[in-house]
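S.K.: Got a sequence here, can you model it:
(one chain, ligands or ions: 2)
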Amino acid sequence: MSDDPLLSVRGLVSGYGSTRVLQGIDFDVPRGSVVTLIGRNGVGKTTTLRSILGNVPPSEGTITFDGADITTLSPEKTAREGIALVPEERRVFPGLTVSENVEIGRIGGRRDAEKPTVDAIVDEFENLARHRNSRGANLSGGEQQMLAIARALVSAPDLLLLDEPTEGLAPAVVKQVQRKIEELNDDGAAADEVLDRYLGVSMAD
Ligand SMILES: Nc1ncnc2c1ncn2[C@@H]1O[C@H](COP(=O)(O)OP(=O)(O)OP(=O)(O)O)[C@@H](O)[C@H]1O
Ligand SMILES: [Mg+2]
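M.R.: Ligands and ions are numbered 1, 2, ... in the order given. The predicted structure is shown next:
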């Protein structure tokens, strides 16, 4: 395993139109690690993830993933390199079943990797396996969060970006999501976990 970080961000400047949100940030995600980005509302956590993914094109700086320069890649191409995002709002398709939602995640992502089957991924999530034919709209907030994570994992990413994965969840469910992230990391996926300050506090308990 290389000692180089899996992800390396240097001098990243990014924003919307003439508004600069990120004014030259640097950080690394070492291989096999979980990295948490903590900051108040509106400081630019989501913008950082969007810039890595390519939804918001950086105006300066470099983003290196597994030794390759991905600074200017589109989201589709970034996903093909092996980065998956679990978005802030989860964006579960309400009219599709659990299995169908996961199937959609299987369309994108790595071309070179063997992707797990939908059933294999759903089986890894106890609370999804029981509801594989339920529609997204009928799931609880915690189940929707697990589904959004499952949908990202089915693309066989090397780096998982999670934007506020515990937002709006009950404390017991927050713990479940935390445990799942730890489990994934133990399984060998390097995870870049971007959490809100509430989880930051609850982890310190
Ligand atoms: N599409 C957009 N167009 C213009 N400005 C935006 C857009 N999205 C976000 N912003 C602004 O960029 C700044 C950073 O927003 P961002 O969503 O990255 O913050 P955040 O740290 O993720 O906040 P939160 O904790 O509320 O999720 C904010 O001032 C926000 O108003
Ligand atoms: Mg955000």
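S.K.: how about the residues of this structure near ligand 2?
M.R.: Counting by CB under 5 Å from the ion, the chain comes close to ligand 2 at Lys45, Thr46. For the C-beta atoms, the positions are set from N, CA and C on the backbone; glycine is no exception.
S.K.: Which single helix of the chain contains the most residues?
M.R.: helix 171-186 (DSSP state H).
S.K.: can I assume Asn41 sits in a strand?
M.R.: No - counting by DSSP: H, G, I helix; E, B strand; the rest coil, one finds Asn41 to be coil, located in no strand.
S.K.: related to what we said a few turns ago, list every C-alpha atom in the longest helix of the chain, with coordinates, as PDB.
M.R.: In PDB, the C-alpha atoms belonging to helix 171-186 read as follows (Å, rounded to 0.1, in the frame of the first residue of the first chain):
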ATOM      1  CA  PRO A 171     -29.700   9.800  18.700                       C
ATOM      2  CA  ALA A 172     -30.100   6.000  18.600                       C
ATOM      3  CA  VAL A 173     -30.100   6.100  14.800                       C
ATOM      4  CA  VAL A 174     -27.100   8.500  14.800                       C
ATOM      5  CA  LYS A 175     -25.200   5.700  16.700                       C
ATOM      6  CA  GLN A 176     -26.300   3.100  14.000                       C
ATOM      7  CA  VAL A 177     -25.000   5.300  11.200                       C
ATOM      8  CA  GLN A 178     -21.700   5.900  13.100                       C
ATOM      9  CA  ARG A 179     -21.300   2.100  13.600                       C
ATOM     10  CA  LYS A 180     -21.900   1.500   9.900                       C
ATOM     11  CA  ILE A 181     -19.300   4.000   9.000                       C
ATOM     12  CA  GLU A 182     -16.800   2.400  11.400                       C
ATOM     13  CA  GLU A 183     -17.600  -1.000  10.000                       C
ATOM     14  CA  LEU A 184     -17.100   0.100   6.400                       C
ATOM     15  CA  ASN A 185     -13.800   1.600   7.300                       C
ATOM     16  CA  ASP A 186     -12.700  -1.600   9.100                       C
END
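S.K.: Going by neighbour count, which residues of it are buried?
M.R.: Across helix 171-186, burial judged by 16 or more other CB atoms under 10 Å covers Val173, Val174, Gln176, Val177, Gln178, Lys180, Ile181, Leu184, Asn185.
S.K.: What of stretch 18-29?
M.R.: For stretch 18-29, the neighbour count (16+ other CB under 10 Å) marks Val21, Leu22, Ile25, Asp28, Val29 as buried.
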